[in-house]
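> Make a model of this:
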Amino acid sequence: KISYNFPITERITVTFINWITKMASSMEIDSEYVNMEGENEEKVDESLYSRQLYVMGHEAQRNLQTSSLLVIGLSGVGVEIAKNTILAGVKKVELYDPDVPNSFDLGGNFYLTEDDVNGTAGRAAICHPRLAELNPYVDVTVSSATDFSLDSVLTAAKGHTCVVVTVPLKSELLAQLNEQIRTDGGKFIYCLTLGLFGQVFCDFGDKFVVNDTNGEQPLNGLLEAIVVEELSEGKLGLACKVLEDQGRHGLESGDVVKFSKVKHEKLADKDFPIKVTGPFTFTVDLDLHLPKDSVVATQGYYTEVKQPTEMSHRSLMSVISEP
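Here you go, the predicted structure:
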């Protein structure tokens with residue numbers, strides 16, 4: 001759950017919301033793009049997505065390209081989310097907003113003009129041509145709904161990986177929409193900007209797996225020594241000391257590392273949980289059946305291996321009733 005108010009500009013709020021949207025989208029794979037062997041066959045255009053591939057990687061990009069997003073509300077926040085996810089390369093984006101633009105929309109939606117105000121076309125229909133031309137790989141459509149009624153919204157939400165609501169809707173409607181999405185295994189985001197303040201609520205279900213919790217590059221460094229040491233109650237293990245000239249290792253107890261260029265077969269190509277004992281030292285619970293104080297290695301490298309983390313989210317009504 002992420003739900004709070006904070007003083008922030010709309011642009012910064014939208015950037016944060018859009019990051020969450022892409023994060024949610026990348027966790028689902030459409031069966032249409034998976035063959036009988038379970039291999040994802042979606043091709044990645046490396047020339048088009050070269051910049052974000054450095055950040056997300058090919059697997060996340062392929063997952064993103066098999067995801068579907070419904071954006072409810074094409075105000076300033078909604079059009080920004082639609083624009084960024086289309087540029088990111090999701091499989092499909094459906095635009096849902098039958099409301100006619102007003103003068104306030106001109107300050108937030110960069111695709112609207114004064115000629116659109118008090119016309120007959122809805123915001124989604126007006127923005128659709130400009131959004132669709134951003135990325136030919138993305139199927140951008142406009143919902144046929146003519147209002148924000150409960151039946152219309154629930155019908156439109158069916159079959160989407162992620163649903164983002166960016167306009168104020170009745171609490172009862174939001175609650176039922178959220179529950180339907182949870183049942184279908186999708187992701188739900190409700191976000192608003194009100195001047196300098198923003199509000200974001202995310203529900204990615206009871207079991208949402210995050211493969212990278214901080215988005216940083218894996219920690220790594222040079223080892224000065226690996227020595228057999230008594231860890232506790234006569235139990236032997238490995239004490240590892242990093243080269244102090246390279247600074248603190250930055251690891252935490254419970255992190256997982258792998259070793260390279262360490263001349264011991266039991267340490268090669270394996271992952272080991274660690275316990276931090278100091279800013280330059282950590283231990284590994286592995287008995288090599290060597291005497292205490294034996295020097296296992298005097299050089300080598302360690303690299304952090306990031307582990308998937310499962311998060312559980314609560315529904316909107318659950319959070320409102322019990323904050």
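
> Please count neighbours and contacts with C-alpha atoms only from this point.
OK.

> All the strands of the stretch 151-300 of the chain, residue numbers only.
162-165, 187-194, 197-203, 208-210, 220-232, 235-242, 256-260, 271-278, 281-284, 295-297 (DSSP state E, counting those that start in this stretch).

> Tell me which of those sits nearest to Gly119.
Across the strands of the stretch 151-300 of the chain, Gly119 has its closest neighbour in strand 162-165 (23.6 Å, Cα to Cα).

> And that closest one, how far out from the chain middle?
Averaging C-alpha coordinates over strand 162-165 and over its chain gives two centres that are 14 Å apart (Cα atoms, centre = their mean, to the nearest Å).

> helices or strands up against that strand?
Using 3 or more Cα pairs under 8 Å, 6 or more residues apart in numbering; DSSP states H and E as the contact criterion, the elements in contact with strand 162-165 are helix 10-25, strand 68-72, strand 187-194.

> got a list of what Ala156 touches?
When contacts are counted by Cα atoms under 8 Å, 6 or more residues apart in numbering, Ala156 touches 70, 143, 145.

> What residues are bridge-paired with the residue lying closest to the second one once chain neighbours are set aside?
For Ser143, the nearest residue in space outside its immediate sequence neighbours is Tyr96; the separation is 5.1 Å by Cα to Cα, 6 or more residues apart in numbering. In this entry, Tyr96 is beta-bridged to Ile72, by DSSP bridges.

> List the contacts of Tyr96.
Tyr96 sits next to 70-74, 124, 142-143, 145 when contact means Cα under 8 Å, 6+ apart.

> switch to 7 Å and redo it
For Tyr96, the contact set (Cα atoms under 7 Å, 6 or more residues apart in numbering) comprises 71-73, 124, 142-143.

> What separation do you get for the residue nearest to Cys202 when sequence neighbours are not counted and Val138?
In space, Cys202 comes closest to Ile189 once its chain neighbours are excluded; the distance is 4.6 Å by Cα to Cα, 6+ apart. Separation of Ile189 from Val138 (Cα to Cα, to the nearest Å) stands at 21 Å.

> Let's verify Leu53: helix, strand, or coil?
Put simply, Leu53 is helix when judged by DSSP: H, G, I helix; E, B strand; the rest coil.

> Does the closest residue in space to it that isn't next to it in sequence fall in a helix, a strand, or a coil region?
With Cα to Cα, 6+ apart as the criterion, Leu53 has its nearest non-adjacent residue at 7.0 Å, and that residue is Gln61. Secondary structure, three-state DSSP: Gln61 is helix.

> what number of residues lie near Gln61?
Gln61 sits with 24 neighbouring residues when counted by other Cα atoms under 10 Å.

> Specify the residue positioned farthest from the middle of this protein.
Residue farthest from the centre of the chain, counting by Cα atoms, centre = their mean, is Pro291 at 46.4 Å.

> I'd like to know how far it sits from Gln299.
Relative to Gln299, Pro291 is positioned 20 Å away (Cα to Cα).

> Same question for Leu169.
Using Cα to Cα, one obtains 61 Å as the distance from Leu169 to Gln299.

> Mind checking which of these two has more residues around it?
Counted by other Cα under 10 Å, Leu169 and Gln299 do not tie: Gln299 has more neighbours, with 17 against 14.

> you'd agree that one is up against Gly221?
No. At 10.7 Å, Gln299 does not count as touching Gly221 under the criterion of Cα atoms under 7 Å.

> Low-confidence stretches in the chain?
Regions of the chain meeting the criterion pLDDT under 70 cover residues 1-42, 54.

> CA atoms only for stretch 75-92 - export them in PDB, please.
Included here for stretch 75-92 are C-alpha records, laid out as PDB according to Å, rounded to 0.1, in the frame of the first residue of the first chain:
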ATOM      1  CA  SER A  75      -6.700  15.000 -17.200                       C
ATOM      2  CA  GLY A  76      -3.100  16.200 -16.700                       C
ATOM      3  CA  VAL A  77      -2.100  13.100 -14.700                       C
ATOM      4  CA  GLY A  78      -3.900  10.700 -17.000                       C
ATOM      5  CA  VAL A  79      -2.500  12.000 -20.200                       C
ATOM      6  CA  GLU A  80       1.000  12.000 -18.800                       C
ATOM      7  CA  ILE A  81       0.700   8.400 -17.600                       C
ATOM      8  CA  ALA A  82      -0.700   7.300 -21.000                       C
ATOM      9  CA  LYS A  83       2.100   9.100 -22.900                       C
ATOM     10  CA  ASN A  84       4.900   7.600 -20.800                       C
ATOM     11  CA  THR A  85       3.600   4.100 -20.800                       C
ATOM     12  CA  ILE A  86       3.000   4.200 -24.600                       C
ATOM     13  CA  LEU A  87       6.600   5.400 -25.000                       C
ATOM     14  CA  ALA A  88       7.700   2.600 -22.700                       C
ATOM     15  CA  GLY A  89       6.200   0.000 -25.000                       C
ATOM     16  CA  VAL A  90       3.200  -1.700 -23.300                       C
ATOM     17  CA  LYS A  91       1.200  -4.000 -25.500                       C
ATOM     18  CA  LYS A  92      -2.100  -2.000 -25.300                       C
END
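
> which outside residues touch it?
14, 18, 22, 64-69, 71, 105, 108-109, 131, 134-135, 137-140, 166.
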